[in-house]
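[1] take this sequence and fold it.
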Amino acid sequence: MALGLALDTACANELSPTSGSLSTLETSITVEARDDEPRLSRLALTGEVPWYNRTTAALPDRVEVRNEMQPLHWQLDRAASRFGPTQIQLVYRNDAPRLKLVWSWTARARRGPIEHEVTIENLSADTIWLTVQPGFQFDWAVEPSAPLKRFWMEKGADTPSAQGTHLDPLHDGDTWQGFSSTYARPRPNQPREMIPYVLVEESAGARRGWYLGIEFSGRTRIALGREKGSLRGNAGINPEPGPVRTRLLPGATFAAPTIFLGTFKGGPDAAGCVAAWATSGRRAPRATMLAVTGTSSRTMRAMRAPGEWSERMNMVGDLELNTVSV
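    Okay, the predicted model is just below:
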């Protein structure tokens, strides 16, 4: 009986898919379930040439347990992973300490972007400390000579600047970072804070491109860099000032800020489908605030439903600022 169960499990693992795709009317992605790390391999606008991603997802590589750093060795749990028509969930486990990581992509509506979420559950009997998670990382293969532009918007804090919205050339060798926090106070000789959303377009031809945003109103960062045939970057929690750690009690789950990723054709105005997605009855981007009091952190998420607002508190772990630079 035990042998038969073991054989059934082994066969199920062998038959489990190692890649899958999700799509909305505009956007499609392909993800790969590798043994030790997942990967978003392909992003495409319907009917157009796709963008290929040359990097894998950076999963946490260490945690602190009982005042000692321990390396992590993630392994794919094929039996627990799911490839569905509207959601892909890849489950990875670490044995010591016992942790469960769920790396997921969800197409919540017919139109608009696809959402990315990462959660880490502490299945051990010990309290663990997580470092800042790397967020969504990408390295798109692009034509070295293709003219690209970067679009982003300033927050409306204080007196508006002379520009407000930015559509800037993205040349070979350029690097850029945009920052957002709960309170956007303009500082002398410092760039304005951004709405945590960036768009990159091919400025010639059909002006197609992609955009991403962060559903979080705490401290976030989006980074871009172009070098020859590579357009790389990341989006997630801003690790500065730091170091920052998150305390995860036994049985608790950490949820990283949700990322959304989409495509468009016809310039930035054509990416307006994100507005229809945001106000659809299925899902609205969650307005999220990070409040730090002592060593505790809670996330307030406001979720909009047609005709009403509801709020819920989601404990994502305790956060400790070891050093603060002002």
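
[2] pLDDT weak spots in this structure?
    Per-residue confidence of the chain (counting by pLDDT under 70) places the weak regions at 1-17, 160, 273-326.

[3] just the helices from it, written as ranges.
    All helices of the chain, identified by DSSP state H, fall at 2-15, 273-278.

[4] residue contacts, Leu22?
    Residues near Leu22 by C-beta atoms under 8 Å, 6 or more residues apart in numbering: Ser28, Ile29, Val31, Pro85, Thr86, Gln87, Ile88, Trp105, Thr106, Ala107, Ile114. No exception for glycine: its C-beta is placed from N, CA and C like everyone else's.

[5] mind checking how far the last one is from Val142?
    When C-beta to C-beta, to the nearest Å is the yardstick, Ile114 and Val142 sit 20 Å from each other.

[6] which one's more surrounded, these two?
    Under the criterion of other C-beta atoms under 10 Å, the comparison of Ile114 against Val142 puts Ile114 first, with 27 against 20.

[7] what's the burial count for the closest residue to the more buried one other than its chain neighbours?
    The shortest distance from Ile114 to any non-neighbouring residue, by C-beta to C-beta, 6 or more residues apart in numbering, is to Ala107 (5.1 Å). Here the neighbour count serves as a burial measure; for Ala107 (other C-beta under 10 Å) it reads 23.

[8] now the phi/psi pair for Ala107, please.
    Summarising the backbone geometry of Ala107 under the convention degrees, to the nearest 10, its torsions are phi -100, psi 100.

[9] and it, how far from Phe216?
    The gap separating Ala107 from Phe216 is 20 Å, by C-beta to C-beta.

[10] try Leu22
    From Leu22 over to Phe216 the distance is 22 Å, taken as C-beta to C-beta.

[11] name the residues that touch stretch 174-186?
    For stretch 174-186, the surrounding residues in contact (C-beta under 8 Å, 6+ apart) are 150, 152, 155, 157-159, 161, 170, 191-196, 198, 214, 217-226, 238, 289-290.

[12] restricted to buried residues, select those in PyMOL.
    Selecting the buried subset of these in PyMOL, with 16 or more other C-beta atoms under 10 Å as the burial test, is done by:
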select buried, resi 150+152+155+170+192+193+194+195+196+198+214+217+218+219+220+221+222+223+224+225+226+238+290
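
[13] would you put the C-alpha positions of stretch 72-85 in CSV?
    Coordinates of the C-alpha atoms in stretch 72-85 are reproduced here as CSV (Å, rounded to 0.1, in the frame of the first residue of the first chain):
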residue,chain,number,x,y,z
LEU,A,72,18.1,28.5,2.3
HIS,A,73,17.8,25.7,-0.3
TRP,A,74,14.5,25.9,-2.0
GLN,A,75,13.0,22.9,-3.8
LEU,A,76,9.9,22.9,-6.0
ASP,A,77,6.9,21.1,-4.6
ARG,A,78,5.4,19.8,-7.9
ALA,A,79,2.4,18.1,-6.2
ALA,A,80,1.4,21.4,-4.5
SER,A,81,2.0,23.7,-7.5
ARG,A,82,-1.0,24.6,-9.7
PHE,A,83,-1.3,25.6,-13.4
GLY,A,84,-4.8,26.9,-13.9
PRO,A,85,-6.6,29.0,-16.5
